[in-house]
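Asker: Coordinates for the following, if possible.
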Amino acid sequence: MRFRSSAPAIICSAIFVVISAVSLLSYAISHRMVDAFEKTQFSLMGEIAQSKFQAAEAKALSTAETVAAMPQVSIAGKASTSAWWMWV
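Answerer: The predicted structure follows:
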């Protein structure tokens, strides 16, 4: 008869322990998965930013070469280096 009086407390305690263990296990698994996912996302964002910077640099160099190849720019550059008022 002793078990009958303490059975509800034992069953509730067992349920609490099982639910707590499963909750902690699922938290640990999901935490590791989220951490790994975030690391891959940050590395992916870094790679995207790096490629964007490289593309912007290539575009800027291409534009600079195009502008430098214009005849008006080369004439203006020669005229500005021979200007006497720039050396004073």
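
Asker: low pLDDT regions in the chain?
Answerer: Applying pLDDT under 70 to the chain picks out residues 1, 76-88.

Asker: rerun that using 50 as the cut-off
Answerer: Judged against pLDDT under 50, the chain has no low-scoring part.

Asker: And the helices in it, which stretches?
Answerer: Shown for the chain, the helices assigned by DSSP state H span residues 2-68, 71-81.

Asker: Can you add mean neighbour count and give those back as TSV?
Answerer: Every residue, glycine included, has its C-beta placed from N, CA and C. Shown next, in TSV, are those (neighbours: other Cβ atoms under 10 Å):
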stretch	mean neighbour count
helix 2-68	10
helix 71-81	10
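
Asker: Just give me the residue right at the centre of this structure.
Answerer: The chain has residue 42 as the residue nearest its centroid, 3.0 Å off, counting by Cα atoms, centre = their mean.

Asker: Quickly note the distance from that one to residue 57.
Answerer: Per Cβ to Cβ, to the nearest Å, residue 42 is found 23 Å from residue 57.

Asker: before we move on, what about residue 36?
Answerer: Distance from residue 36 to residue 57, by Cβ to Cβ: 32 Å.

Asker: for residue 9, same thing?
Answerer: 71 Å.

Asker: what do you get for residue 26?
Answerer: Distance from residue 26 to residue 57, by Cβ to Cβ: 46 Å.

Asker: cool, and residue 68?
Answerer: Taken as Cβ to Cβ, the span from residue 68 to residue 57 is 16 Å.
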